[in-house]
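**Q** sequence and predicted model, in that order:
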Amino acid sequence: MQTVFDKTLVDSLRKHCDAVRYRLWIACPFIGDVSSVSRILGSGWIKQSHVNVRLLSDFTDHVCKNSKTVQVFSKVAQVKSLRGLHAKLYIVDDHVLVTSANLTATAFSARYEIGQWLSDEAAKCAVEVFEHWWNESPHFDIDGWLSDPKSSPSKSDEPGAERLPKRFDLPRPPQEPPLPNGASSQFSDYRQFLNMYRELADSYASLQRLWKGSPLFLEVDCFLNFLFHEATGTPSKPYTRMQPQKLTSSERSKLLKQLANEFAAWSKVQIEQEERLASLKEIQAVVNARSLQRLSRDMVTRVVSNMHTYYSNALARKKFLNPANNSLATIAEAWAAIAEPGDRQIEVVLGAAVKPFGFGRSSVQELIGWVHPQSYPIRNANTNAGMRFLGYNVKAY
C-alpha cells in the first residue's frame, strides 16, 4: 500500500489516469466543475472509447454536483445514483485509491486530505465493493436529473469552499480538449451506449458462449436481433417507441438468463453464426486500408449487401449505391476513417464516416462493428430496442 496526501494525492491520481488503459470507476458525493475535473483526471478517459467509465454518486440531492460535469460524464460513461453514498473511491485499471477527497478542486487543492493506493487483495476487495454498490443502484434517469431546474451548475464545489485558501495548484490542464468534439453532437450518446453494451455483453458471456472462436459482440448482436424478430412475443420490438424498462440488476439478470436459454434453444442459432462470419469476412476484405485504394462499385455493393441496415431499406440502399450520389472517392474516404480510426475520438471517426449520401447514422455504427468486432458492436434500431427492453437507457432511432 502507498499513503498519499497533499499534492502527492492529486498528482498520483492524475498520473494513473493519464495512463488509463481500460477502466475508470469513481464513487464520490461531490463533483466539481469541468475545468477542475479535467485537471484532476486528465482527458485520456474521454479520448479513449475503449475505457469503461462509471460514475456513482448520490443524485437524490443537487448539492455540490456540477451539472455541466455530470453531463460530460453522461456522454462517455454510465452514471448511477446510490442514496447515502459517502465513500470516495477511484479505480483506475487495477489501481485503487481510497481517500477522503471528493472529485473537486477544493478537495484536491485546498483541504487537508489523505488517501491510500491499495494493493493486491485489498484492491480486489474494493473493486468488488464498488461492483456490489453499482449493482445495488436502481435505475437512474440521468436525462431527467440534468433537465431538473435544481441541477444548475453549483456556485461552490463543497460546503464552505469559499472560506478555504488554496494550498497548491492542481495539475496542468490536459492538452486534449476536455469534451468530445468534431461530430460529437450527432454521436454524443455513442460512448455511453458503448459502455452499456459492454456491460450487457459481459453479463451474457457469464451465462453462455454459443459461438466458440467468434467475436462476443457478433453473438450478442444475433441475440438482440433474436429478441426483435424470433423470441416468443418478439419482446423488444415495442421498445423502438416505448421508454426503457426500469429493472433492478437482479431483475435484469433473471430476464437475461431466461432469454439466453431461449436463444440457445433456437434452431437457427448456428446457421446465423455461419452467415455472420461470412458477412464479416466479406466486409473486412473490402474495408481495409489496402483494398480501399482500389475500391470498385462491385466491392461497394458487396459490403452493402451484407449490412443489416439496408436489408429493410431498399430505397436507402439504392440512393447510396447510385453513382450520381456518391463517387468512389467519397465512399473510400469515409470508409477509411472506419478502417483506420487511429487515436482520434470515436465521435470524430463516426462523424467523418457519415459523409456519403444515404450512409447515415445507423449505417456508420453498423459498419464499424463489422470492421472492428472485438472493439465495437453493430448498432441499429434492433440493437437499441433490445437494450431498452433489457433496461438500458439508450436512445432509440
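**A** Now that the structure is in, tell me what you want to look at.
**Q** the stretch 1-150 of the chain: helices as residue ranges?
**A** 6-18, 34-41, 44-47, 67-76, 105-109, 120-136, 142-147 (DSSP state H, counting those that start in this stretch).
**Q** tabulate those (TSV), appending distance to Leu247 and mean pLDDT.
**A** C-beta coordinates here come from the backbone N, C-alpha and C atoms, glycine included. Converted to TSV, the helices of the stretch 1-150 of the chain look like this (distance: least, CB to CB, whole Å; pLDDT from 0 to 100):
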stretch	distance to Leu247	mean pLDDT
helix 6-18	32	96
helix 34-41	30	94
helix 44-47	27	84
helix 67-76	20	89
helix 105-109	34	96
helix 120-136	12	93
helix 142-147	16	84
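**Q** Ser327: which of those is closest?
**A** helix 44-47 (31.8 Å; CB to CB).
**Q** sorry, back to before: need the winner for burial among the helices of the stretch 1-150 of the chain.
**A** helix 105-109 (a mean of 25; mean count of other CB atoms under 10 Å).
**Q** circling back to that earlier point, switch the helices of the stretch 1-150 of the chain over to TSV; also include distance to Ala278.
**A** Listed next are the helices of the stretch 1-150 of the chain as TSV, based on distance: least, CB to CB, whole Å:
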stretch	distance to Ala278
helix 6-18	42
helix 34-41	43
helix 44-47	35
helix 67-76	34
helix 105-109	53
helix 120-136	38
helix 142-147	39
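**Q** tell me where this structure has strands.
**A** 2-5, 23-27, 52-57, 78-81, 88-92, 95-99, 114-118 (DSSP state E).
**Q** would CSV of those with mean neighbour count be doable?
**A** Formatted as CSV, the strands of the chain follow (neighbours: other CB atoms under 10 Å):
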stretch, mean neighbour count
strand 2-5, 14
strand 23-27, 22
strand 52-57, 22
strand 78-81, 22
strand 88-92, 23
strand 95-99, 22
strand 114-118, 19
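**Q** pLDDT wise, what is the closest residue to Gln245 other than its chain neighbours at?
**A** Leaving aside its sequence neighbours, Gln245 sits nearest to Gly391 (CB to CB, 6 or more residues apart in numbering; 4.7 Å). Confidence at Gly391, expressed as pLDDT, is 92.
**Q** got the domain ranges for this protein?
**A** 2-163, 190-389 (automatic domain parsing).
**Q** distance check, Asp141 against Gln374.
**A** 32 Å (CB to CB, to the nearest Å).
**Q** who has more neighbours out of these two?
**A** Asp141 (15 against 9; other CB atoms under 10 Å).
**Q** where does the stretch 51-200 of the chain dip in pLDDT?
**A** Low-confidence segments of the stretch 51-200 of the chain (pLDDT under 70): 153-154, 176-185.
**Q** would you list the domains of the chain in TSV and tack on distance to Tyr397?
**A** What follows is those, written out as TSV (distance: least, CB to CB, whole Å):
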stretch	distance to Tyr397
domain 2-163	15
domain 190-389	7
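**Q** compare those and give me the one nearest Leu170.
**A** domain 2-163 (4.1 Å).
**Q** ok now that closest one, how far from the chain's centre?
**A** 17 Å (CA atoms, centre = their mean, to the nearest Å).
**Q** what's the answer for stretch 281-299, then?
**A** So, by CA atoms, centre = their mean, the centroid of stretch 281-299 is 28 Å from its chain's centroid.
**Q** tell me which of the domains of the chain sits nearest to Lys395.
**A** domain 190-389 (6.7 Å).
**Q** since that was my last question, I'll sign off now.
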